[in-house]
Structure formats: C-alpha cells, structure tokens
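S.K.: Compute the structure for the input listed below.
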Amino acid sequence: AEIIRGDLTQPETLKNIAQGVDVVFHLATRVVDWGSPKLFRSIMVDGTQHLLEESKNNASRFIYFSSIAALGLNRDTVGLDEDAKREKTGIPYCDTKIDAENLVADFCRNNNMSYTIIRPANVIGPGSAWVRDVLDTFFRGPFPLVGGGKAPGAFVYVKNLIDGTILAAESEKAAGKTYHFRDDYYITWKEYIETLGSWLGQKPFGSIPFKPAYVLGSFLEKVLTPLGIRPPLTRLAAGITGKNNDVDVSRAKEDLKWQTRIPLNQAMDEIKEWVMANYTPPGVGRFKDFHNRTVFITGGSSGIGLEIARLVVARGAHTALFARDIDKLQKAYEDILSSRRNPFQKIIIIPVDITDADAVNLKTEEALIQIGKPDILINSAGINRADYFENLSYKDFDDVFKTNVYGTRNMTAALLPAMKEKGGHIVNISSAAGLMGMFGYTAYGSSKFALVGFSECLRSEMKQHNIHVSVVCPPEVKTPMIIEEAKTIPPEALAVKKLAGVLKPESVAKAVIKGIMKKKFLVIPGIKCKLLYVSQKLSPGWISRFISDFVVKSKQKKR
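M.R.: Below you'll find the model as predicted:
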C-alpha cells in the first residue's frame with residue numbers, strides 16, 4: 001500500500017500518480033451541501049479531468065463515483081433507473097455530478113479506456129456524512145424535519161456499496177455502464193434521525209413542508225454562501241430528506257448479482273458503536289455537549305468536583321479524577337461508573353497532592369498517556385480554615401494558599417501545553433468569599449480572592465490559544481468541608497453566610513456545566529448570592545458591608 005498526497009485542482013501534483021495502476025477508483029468530491037458553483041466545478045469536473053489525463057496511458061478501468069443526485073433532487077426519483085433523464089436543478093452538487101459523468105464517458109470512449117459509473121444512494125456508515133452531519137445539526141440549533149420525515153431514507157450501507165463496487169470493477173459486463181446502489185432498508189428519515197439523536201439525548205424539532213423548505217434553502221444559499229457561512233438549510237438537504245429517492249437498483253442485482261449483505265439492524269449497531277466511541281459534537285471552547293470530550297477534575301472524590309464528574313460522565317465525557325485519598329477516589333469511581341452514557345467512556349483516578357508541583361507534573365503526564373489531552377480542566381480541589389484571624393496560624397494560611405491557589409496554579413501549568421494544542425476550557429472553583437469580604441474568612445477568603453484575580457489574568461492570556469476561562473463563585477455548599485469548618489467557625493460567620501443562602505453540590509455542578517456551554521467567565525450560582533454580588537458592584541461595596549456589619553453586630557449583642 002502506498003499513500004500519495006496530491007490536489008485534484010493542481011494537476012502538477014498528480015504527475016505519474018497512475019503509473020503502474022490497473023484500476024482507478026475516483027471517489028474524491030466535495031461532500032457538502034453548500035458552496036459556490038465555481039468551487040464545486042473546480043473539484044468535481046476539472047479535478048476529474050486532471051485525474052483522467054494522468055490515468056489514460058496506464059489504467060485499464062476507471063471507476064467514477066457519482067451519486068443519485070445526478071438525477072436531480074428537486075423531485076421524487078422513486079423507481080428511476082440508470083437510463084432515466086437527468087435534470088439540472090441549479091444545485092451545484094447535482095449539476096456538477098452530471099457534468100462529471102458526461103466527462104468520464106466521453107473521455108474514456110475517446111481514449112479507449114474502460115469505465116463504470118457508480119451512483120450510490122445516501123451512503124451511511126461509521127463516520128459518514130449522513131451520520132456526522134446529522135448529529136452536528138442537532139447541536140447547531142433547532143433541527144426540523146422536512147415533510148415530517150416521511151420520505152424513505154434511500155440508504156446504502158458503506159460495506160454493501162463496496163461489495164457492489166468491487167463486483168462492477170471485476171465485471172466485463174459493467175464496462176461502459178452506470179449502476180445505482182441502494183439497500184432495501186425500510187426506514188424513513190424521521191426514524192433514522194430520531195434513532196441517531198436518541199443515542200445522544202437529542203430530538204428533531206418540528207417540521208417544514210418540502211416546498212417551503214426548498215425555497216427557504218435557496219434563499220439562505222444566495223444570502224449566506226457568498227459570505228462563506230454555511231446555510232442552516234439548503235436545497236440539496238431538502239431534496240434528499242423531503243423526496244422519495246428509492247431509485248431502481250435492478251441492473252446491479254441482475255448484472256452483478258449484487259445484494260444487501262449487511263442488514264439494517266447490524267448497520268445501525270456498527271454506526272452506533274462508532275458514534276459512541278469516536279464522534280465529538282462540533283465546537284471548540286463552546287461545548288454543545290461533552291460526548292467524547294476529555295475532562296480533568298481536581299477534588300473529584302467528593303463535593304462539587306464529584307457532582308461535576310457525575311454530570312459530565314452522564315453526558316458522555318472521558319474523565320480523569322484527581323484527589324489525595326485513593327480510597328475516596330476509588331469510591332467516587334464506583335459511584336460514577338454507572339452514570340456512563342456508553343461503555344467506551346474512559347474513567348480514571350489519579351491520587352496526587354496538588355500542592356506538590358513535581359508530583360502534579362508526573363501524575364498529569366500519566367493521565368495524558370492513559371486518557372489523552374483534556375478539553376476541559378476543572379480545578380475544584382480546595383480546603384478551608386474558618387476562625388477569628390487571631391486564632392489562625394501562619395501554617396493555616398500556608399495550607400489554604402498552597403491548596404487553593406498554588407494547587408490550581410500547578411494543575412493549570414502542567415496541563416497548559418497539552419491544552420494549547422487543541423483549545424478548550426479551564427474552570428476555577430472560587431467562592432462568594434472571593435467576591436466580598438466575609439467575617440471569619442481571612443485565610444479562605446483571601447485565597448479565593450486570589451483565585452478570582454488569577455482567573456482574570458489567565459482569561460486574558462488564554463484567548464490567543466482559544467482556551468476559555470471561567471471562575472465559579474458559589475455561596476455555602478453542602479459538602480464535607482462544612483463538617484470540618486464547623487469545628488472552628490465563629491458564630492458571626494455562620495450568621496453572615498446565611499445571607500447568600502446554601503446550595504447543594506449538584507446545583508453548583510449544573511451551574512458549572514451551563515457556564516462552560518455558554519462560555520461565561522464569572523459564574524455565580526444561586527439567586528441570593530447573585531443579588532449580593534449585584535449590590536456589591538452597584539454600591540460599590542458599602543451595601544454588602546453595611547448588611548454584614550449589621551448581622552455581625554446583632555449576633556454579638558445576642559451573645
């Protein structure tokens with residue numbers, strides 16, 4: 001096997017490409033439903049001409065892959081055979097397929113070359129356009145069906161298509177002929193689209209009749225294509241999904257003895273396996289879904305980190321959990337394992353002390369080998385020391401800053417080189433105590449203020465690398481940290497904390513996911529906390545300070 005790189009639109013790159021070649025299978029084309037006629041022609045007609053010129057003195061058979069689109073997809077093509085009249089519709093893909101077919105037939109006759117034209121129906125299979133593009137459309141916005149999705153899918157599974165292609169290439173009877181290939185799959189577009197969507201929790205939204213869809217597609221193409229913007233609906237998409245394209249395939253069955261080898265249920269199973277193991281929704285930075293994305297989470301053995309892990313795993317993410325305690329990590333692993341969307345998801349646990357920069361470098365390298373480069377890093381690990389300032393030692397401050405600030409710095413620094421290669425998102429979990437001063441939190445609050453500042457600076461630096469940054473500032477959250485904090489927290493601090501409310505970890509985790517998907521920098525979960533922050537910014541600061549001082553004074557009077 002030999003791989004040769006070349007560009008069909010640049011004939012100088014094709015020199016001697018067919019030397020020693022007996023059969024040419026010409027599949028290269030522009031497999032999209034939009035673009036300028038000039039662009040389609042340069043690839044599909046001119047490119048074919050260039051390849052034919054290079055093949056004429058070597059190859060004994062030229063197999064050209066056209067499409068049933070050559071029949072014209074502004075009408076029902078049900079029952080049409082290979083000799084049916086082809087109609088130009090103004091759709092660049094369809095019209096250039098007609099021109100390319102004519103070119104192949106004329107060129108080969110004039111140069112004594114044997115040729116066969118293959119016209120597949122809608123090709124489905126792992127990674128095909130009619131899998132990837134359908135799923136991508138779900139995540140780009142509302143996905144309406146055309147004509148209620150009642151039209152038959154007119155599909156051919158890729159393995160069945162190749163069976164027919166090889167039969168045609170080896171058959172003398174196929175010389176100079178055109179063949180349709182379509183499987184006898186009894187499935188409508190509605191059934192097919194709903195099945196694909198169900199694997200990722202998506203559903204089509206509404207329906208547009210064929211004629212309005214076709215007219216709207218034409219309008220959107222005229223407006224958006226010159227701007228280089230992909231139209232959300234095109235004439236080709238409307239014609240494929242809104243019309244009955246069950247073309248006649250009797251010639252392939254009679255001449256080549258071709259038949260469907262892979263049944264529909266097996267074909268869909270193989271497609272599903274690819275979707276679950278390999279498909280990733282569109283978008284870098286702004287994530288529409290977490291399917292097959294890779295997420296690294298510190299503090300992932302409990303609290304907010306564990307709840308975030310549970311959510312992203314349920315949405316299809318490969319996940320690496322980092323924490324100090326291996327026993328807690330193992331328990332967390334067993335806890336979230338059942339949340340997986342599919343068995344292909346990787347979940348790993350990495351015990352590490354994030355305050356140790358050398359250990360972090362070593363362990364993150366291990367994680368990169370096991371699970372790959374992260375799309376998202378969530379720095380959730382943190383500790384608290386809540387007490388009157390005079391009761392807090394230097395070590396208390398040192399421990400808090402080492403974990404909350406330097407730990408975040410260590411993980412970010414270790415993973416940044418890998419993230420810069422692909423872009424992504426960094427999330428730092430701060431606190432409401434990082435937005436406004438709070439009684440009893442001189443150590444914890446100052447570390448969380450530092451995290452907000454760190455995130456602000458990091459956000460500015462990371463834009464050039466297509467890495468988005470979020471900082472999350474929740475009020476009190478019901479985590480194991482509260483139990484430890486209760487041993488030393490002053491009563492005044494308890495009273496002040498109630499102003500911002502108390503949230504469950506899962507509420508904060510949902511806010512984090514929403515913040516990532518919307519590319520929000522500052523995420524403040526909880527209505528009460530948001531209101532306090534707004535008053536802090538508008539006053540500026542004196543309202544929240546006045547309220548805090550009043551609560552503290554009242555508590556001290558009661559004591």
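S.K.: Name the SS class of T77, please.
M.R.: When the structure is reduced to helix, strand and coil (DSSP: H, G, I helix; E, B strand; the rest coil), T77 reads as coil.
S.K.: who are the neighbours in contact with it?
M.R.: For T77, the residues meeting the contact criterion (Cβ atoms under 8 Å, 6 or more residues apart in numbering) are I68, L71, A84, K243, N244, N245, D246, V247. Every C-beta, even on glycine, is put in place using the N, C-alpha and C of the backbone.
S.K.: one more time with 6 Å, if that's ok
M.R.: For T77, the contacting residues are L71, N245, V247, taking Cβ atoms under 6 Å, 6 or more residues apart in numbering as the criterion.
S.K.: Also A129?
M.R.: V31 are the contacts of A129 under Cβ under 6 Å, 6+ apart.
S.K.: Could you check how far it is from I240?
M.R.: 11 Å (Cβ to Cβ, to the nearest Å).
S.K.: can you check F397 too?
M.R.: Computed with Cβ to Cβ, the distance linking F397 and I240 is 65 Å.
S.K.: Those two: which is more packed in?
M.R.: Counted by other Cβ atoms under 10 Å, F397 and I240 do not tie: I240 has more neighbours, with 23 against 17.
S.K.: Give me the nearest residue to the more buried one, chain neighbours excluded.
M.R.: The shortest distance from I240 to any residue that is not its chain neighbour, by Cβ to Cβ, 6 or more residues apart in numbering, is 5.9 Å, and that residue is L73.
S.K.: next one: I489
M.R.: Take I489 and drop its neighbours on the chain: the residue closest to it by Cβ to Cβ, 6+ apart is A386, 4.0 Å away.
S.K.: for the one you found, what are its contacts?
M.R.: G440, E485, T488, I489, A493.
S.K.: Quickly note the distance from it to S554.
M.R.: From A386 over to S554 (counting by Cβ to Cβ), the distance is 19 Å.
S.K.: Any regions of the stretch 351-500 of the chain where pLDDT drops low?
M.R.: Residues of the stretch 351-500 of the chain meeting the criterion pLDDT under 70: 500.
S.K.: For it, which segments count as strands?
M.R.: Listed in chain order, the strands found in the stretch 351-500 of the chain under DSSP state E, counting those that start in this stretch are 376-379, 424-429, 467-472, 476-477.
S.K.: got the contact list for E476?
M.R.: Remark: with contacts taken as Cβ under 6 Å, 6+ apart, E476 is in contact with K497, V502.
S.K.: Which residue ranges of the stretch 1-150 of the chain form helices?
M.R.: With DSSP state H, counting those that start in this stretch applied, the stretch 1-150 of the chain shows helices at 37-41, 47-55, 92-110, 129-140, listed in chain order.
S.K.: for these, which one sits closest to W274?
M.R.: helix 129-140 (7.3 Å; Cβ to Cβ).
S.K.: separation between V23 and S114?
M.R.: Separation of V23 from S114 (Cβ to Cβ): 9 Å.
S.K.: So what's the residue count around T294?
M.R.: Around T294 there are 24 other residues, counting by other Cβ under 10 Å.
S.K.: do F344 as well
M.R.: Other residues close to F344 by other Cβ under 10 Å number 15.
S.K.: Repeat that for K85.
M.R.: By other Cβ under 10 Å, the residues close to K85 number 7.
S.K.: again with the one 10 residues further on
M.R.: Residue neighbour count, defined by other Cβ under 10 Å, stands at 22 for D95.
S.K.: How much space separates it from E270?
M.R.: Distance of D95 to E270, computed by Cβ to Cβ: 33 Å.
S.K.: now I489
M.R.: 57 Å.
S.K.: same question, Y186
M.R.: Counting by Cβ to Cβ, the separation of Y186 from E270 is 18 Å.
S.K.: Looking at the two, which one has more neighbours?
M.R.: Comparing Y186 with E270 by neighbour count (other Cβ under 10 Å), the higher total belongs to E270, at 17 against 9.
S.K.: Assign a three-state SS to that one, would you?
M.R.: Following three-state DSSP, E270 is assigned to helix.
S.K.: Give me the pLDDT for it.
M.R.: Each residue has a pLDDT score; the one for E270 is 97.
S.K.: ok, now G285?
M.R.: The pLDDT attached to G285 in the predicted structure is 48.
S.K.: swap in T178?
M.R.: The predicted structure lists T178 with a pLDDT of 97.
S.K.: contacting residues for it?
M.R.: Under the criterion of Cβ under 6 Å, 6+ apart, the neighbours of T178 are E82, I117.
S.K.: Who does it form a beta bridge with?
M.R.: In this structure, T178 has the following beta-bridge partners (DSSP bridges): I117.
S.K.: From G299, how far out is the spatially most central residue of the chain?
M.R.: The residue lying closest to the centre of the chain (Cα atoms, centre = their mean) is P281, at 1.9 Å. When Cβ to Cβ is the yardstick, P281 and G299 sit 26 Å from each other.
S.K.: same deal with Q259?
M.R.: Q259 sits 57 Å away from G299, taking Cβ to Cβ as the criterion.
S.K.: higher neighbour count, those two?
M.R.: Each of Q259 and G299 had its neighbours counted (other Cβ under 10 Å), and the higher figure belongs to G299 (27 against 13).
S.K.: The more buried one touches A381, doesn't it?
M.R.: Yes. Counting by Cβ atoms under 6 Å, a contact exists between G299 and A381, whose distance comes to 3.4 Å.
S.K.: Can you list the low-confidence ranges for this protein?
M.R.: For the chain, counting by pLDDT under 70, the residues that fall below are 283-286, 500, 541, 552.
S.K.: Kindly recompute the last result at 50.
M.R.: Scanning the chain for pLDDT under 50 picks out the ranges 284-285.
S.K.: what about V471, how many residues close to it?
M.R.: When counting by other Cβ under 10 Å, one arrives at 28 neighbours for V471.
S.K.: cool, and the one 3 residues further on?
M.R.: By the criterion of other Cβ under 10 Å, P474 has 26 neighbours.
S.K.: just D46 next, same as before
M.R.: Residues near D46, counting by other Cβ under 10 Å: 18.
S.K.: do G197 as well
M.R.: 17.
S.K.: again with the one 10 residues further on
M.R.: The burial metric for S207, expressed as a neighbour count using other Cβ under 10 Å, is 15.
S.K.: And it, how far from G407?
M.R.: Separation of S207 from G407 (Cβ to Cβ) stands at 52 Å.
S.K.: Kindly report the same for Y64.
M.R.: In this structure, Y64 and G407 are separated by 60 Å, where distance is defined by Cβ to Cβ.
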